[in-house]
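*Asks:* here are the coordinates; sequence isn't available:
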Ligand SMILES: Nc1ncnc2[nH]cnc12
């Protein structure tokens, strides 16, 4: 398997190069199962979190440990939008994502009891990779629908030119 070196906060990983769409190869970022890499990324993002932030908002799956470590360091709560409907969800916020970066159309789901935590809160969006920015846009719509205010959009890696302003700490190539 071909790999590519990615570095954040002085920690390097040689990750698989995947080809989600023909002719477009990208390094696959993965925080799951890698506390050292996750901590380095969270520490790099931490200075970008505005002082007034009250809660973090992320999506399944790889950004979850990242957001958890960041939230713990900041002493803030966080909520996670799911990528599948769960049978126990009541009155969820359901948001379509236009992204095709990973070759799949997607829908984000947020159970109402978690959406309520965003009401009237200053919310920071957290992601692992921002490429088209469509996932971030969908996350922002969910926060607005939940009655929250987005005060920052953060991702560890930027890949290409996202369609909205996102603060990042490292670059990923499209090969
Ligand atoms: N390169 C990447 N690695 C992991 N998740 C992604 N989502 C979008 N681009 C990605």
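*Replies:* Received the coordinates, thanks. Worth saying up front: this structure is predicted, and the values here are computed from it rather than measured. Numbers count the residues shown, from 1 in each chain.
*Asks:* Surely residue 125 forms part of a strand?
*Replies:* Yes - under DSSP: H, G, I helix; E, B strand; the rest coil, residue 125 sits within a strand.
*Asks:* For it, give me its contacts.
*Replies:* By Cβ atoms under 8 Å, 6 or more residues apart in numbering, the residues touching residue 125 are 56, 57, 58, 136, 139, 140, 143, 150, 152, 153, 154. Yep, even glycine has a C-beta here, placed from its N, CA and C like the rest.
*Asks:* Give me the nearest residue to the fifth one, chain neighbours excluded.
*Replies:* Closest residue in space to residue 139, ignoring its immediate chain neighbours: residue 125 at 5.0 Å, by Cβ to Cβ, 6 or more residues apart in numbering.
*Asks:* gap between the one you found and the ligand?
*Replies:* From residue 125 across to the ligand, the span is 14 Å (Cβ to the nearest ligand atom, to the nearest Å).
*Asks:* In space, not sequence, find me the middle residue of the chain.
*Replies:* residue 127 (1.7 Å; Cα atoms, centre = their mean).
*Asks:* what about that one, distance to residue 175?
*Replies:* 21 Å (Cβ to Cβ, to the nearest Å).
*Asks:* coming back round to it: could you verify my assumption that the residue nearest to the centre of the chain touches residue 135?
*Replies:* Yes - between residue 127 and residue 135 there is a contact under Cβ atoms under 8 Å: 6.5 Å.
*Asks:* shared neighbours of those two, which are they?
*Replies:* Common contacts of residue 127 and residue 135, defined by Cβ under 8 Å, 6+ apart, comprise residue 59.
*Asks:* pLDDT value on the residue nearest to residue 139, please?
*Replies:* Per-residue confidence at residue 125 stands at 99 (pLDDT).
*Asks:* Residue 104 now?
*Replies:* Note on residue 104: pLDDT of 64.
*Asks:* cool, residue 174 as well?
*Replies:* We have a pLDDT of 86 for residue 174.
*Asks:* Residue 101 now?
*Replies:* Reported pLDDT for residue 101: 63.
*Asks:* any idea which of the contacts of residue 125 is closest to the ligand?
*Replies:* The shortest approach to the ligand among the contacts of residue 125 belongs to residue 136, at 10.8 Å (Cβ to the nearest ligand atom).
*Asks:* what helix or strand is the closest one on?
*Replies:* Assigned by DSSP states H and E, residue 136 belongs to helix 134-145.
*Asks:* gap between that helix and the chain center?
*Replies:* 11 Å (Cα atoms, centre = their mean, to the nearest Å).
*Asks:* buried set for the helix or strand just after it?
*Replies:* Downstream of helix 134-145, the first helix or strand assigned by DSSP H and E is strand 149-159. In terms of neighbour count (16 or more other Cβ atoms under 10 Å), strand 149-159 has its buried residues at 150, 151, 152, 153, 154, 155, 156, 157, 158, 159.
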